[in-house]
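[1] Got a sequence here, can you build the structure:
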Amino acid sequence: MRQIVLDTETTGLEPEQGHRVIEIGAVELIDRERTGETFHTYLNPQREIDEGALQVHGIDADFLADKPLFGDISEALIAFIKGAELVMHNAPFDVGFLNHELSLLSDSAPKIGELCKVTDSLVLARRKYPGQRHSLDALCRHLKVDNSARELHGALVDAQILAEVYLAMTGGQTVLFTNPQEQEVEAGAGLKFEPLPASRPRLKVVQASAQELAEHERMMAVIAASSATP
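    So this is what the prediction gives:
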């Protein structure tokens, strides 16, 4: 099971108003384990950054002036995420911006939903912790995830923290006994139980030796004597 935990930073809140992606950070999980593989890039948005957005992430236009355009990295990004389950916090925001960037390249460009299964960790958090705050910082406090490296928002840092939050949030005990027809466990992890093969080898039965049986009887006698009513 391959999952990509992804976050973006942008010039503002609405792609419909011409705002662009300026940073993408993504972390790879395989079978719920961090592999160490990441995707990270800053992008030149070719426009100014809203003051409100600048206060959130601290990335200014001067820093981005020599960074690649989205079209320069689009193939590498698609190759990294294609076929994976994409985990994002408030997924409609990130998906909306990524789809907008892809649409600017070509009218026939694929949509994120066509490339990946999308999971919104914000929706999962609202279901799991109703009535609580569901920001990434609030979830870190609730789940005891270290977010001390997060002075400002940053796509790669946030993706790394979200990966830990997602794993903690979806890592509860799974069902041990389930209907054979229900192979997926509803724990947010997409885990599956595979049926044992019908042709599996017979289990080897190891019999206790005479000495082991004698030791067992001796121990049972000691236990019975110690627990007998005076």
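
[2] For this protein, which residues score under the pLDDT cut-off?
    Counting by pLDDT under 70, the chain contains low-confidence ranges at 151-152, 172-230.

[3] For this protein, just list every one of the strands.
    With DSSP state E as the criterion, the chain has strands at 2-10, 21-30, 33-42, 85-88, 117-120.

[4] Turn these into a markdown table, columns for distance to Ala138.
    Bear in mind the C-beta positions are built from the backbone N, C-alpha and C, glycine included. A markdown table is the format used below for those (distance: least, Cβ to Cβ, whole Å):
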| stretch | distance to Ala138 |
| --- | --- |
| strand 2-10 | 16 |
| strand 21-30 | 20 |
| strand 33-42 | 22 |
| strand 85-88 | 17 |
| strand 117-120 | 16 |
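
[5] out of the ones you listed, which comes closest to Val95?
    The stretch from the strands of the chain with the least distance to Val95 (Cβ to Cβ) is strand 117-120; that distance is 6.2 Å.

[6] Give the partner strands of the closest one in its sheet and their orientations.
    strand 85-88 (parallel) (DSSP bridges).

[7] Outside of the partner strand itself, list whatever touches it.
    For strand 85-88, contacts defined as Cβ atoms under 8 Å, 6 or more residues apart in numbering pick out 1-7, 94-95, 112, 116-121, 162-163, 166, 190.

[8] give me that answer again for 10 Å
    Identification of contacts with strand 85-88 by Cβ atoms under 10 Å, 6 or more residues apart in numbering yields 1-8, 26-27, 29, 94-95, 98, 112-113, 115-122, 124, 158-159, 162-163, 165-167, 170, 188, 190.

[9] Check stretch 131-146 too.
    With contacts defined as Cβ under 10 Å, 6+ apart, stretch 131-146 is touched by 7, 89-90, 121-129, 147-148, 150, 153, 158, 161-169, 171.

[10] go again using 6 Å as the cut-off
    In this structure, residues lying in contact with stretch 131-146 by Cβ atoms under 6 Å, 6 or more residues apart in numbering are His89, Leu122, Ala125, Arg126, Asn147, Glu164, Val165, Ala168.

[11] Take those residues and keep only those in helices.
    The helices, defined by DSSP state H, take in Leu122, Ala125, Arg126, Glu164, Val165, Ala168 from these.

[12] Leaving out sequence neighbours, find the closest residue to the second one.
    Of all residues beyond its chain neighbours, the one nearest Ala125 is His134 (4.3 Å), with distances taken as Cβ to Cβ, 6 or more residues apart in numbering.

[13] Columns distance to Ser106 and mean neighbour count on top of the strands of the chain, output as a markdown table?
    Shown next, in a markdown table, are the strands of the chain (distance: least, Cβ to Cβ, whole Å; neighbours: other Cβ atoms under 10 Å):
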| stretch | distance to Ser106 | mean neighbour count |
| --- | --- | --- |
| strand 2-10 | 20 | 24 |
| strand 21-30 | 16 | 22 |
| strand 33-42 | 20 | 14 |
| strand 85-88 | 21 | 24 |
| strand 117-120 | 21 | 16 |
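
[14] out of those, which comes closest to Phe70?
    Taking Cβ to Cβ, strand 21-30 is the member of the strands of the chain nearest to Phe70, at 6.4 Å.

[15] And stretch 108-118, end to end?
    20 Å (Cα to Cα, to the nearest Å).

[16] Sort out which residues of that stretch are buried, please.
    Within stretch 108-118, the residues scored as buried using 16 or more other Cβ atoms under 10 Å are Ile112, Leu115, Cys116, Val118.
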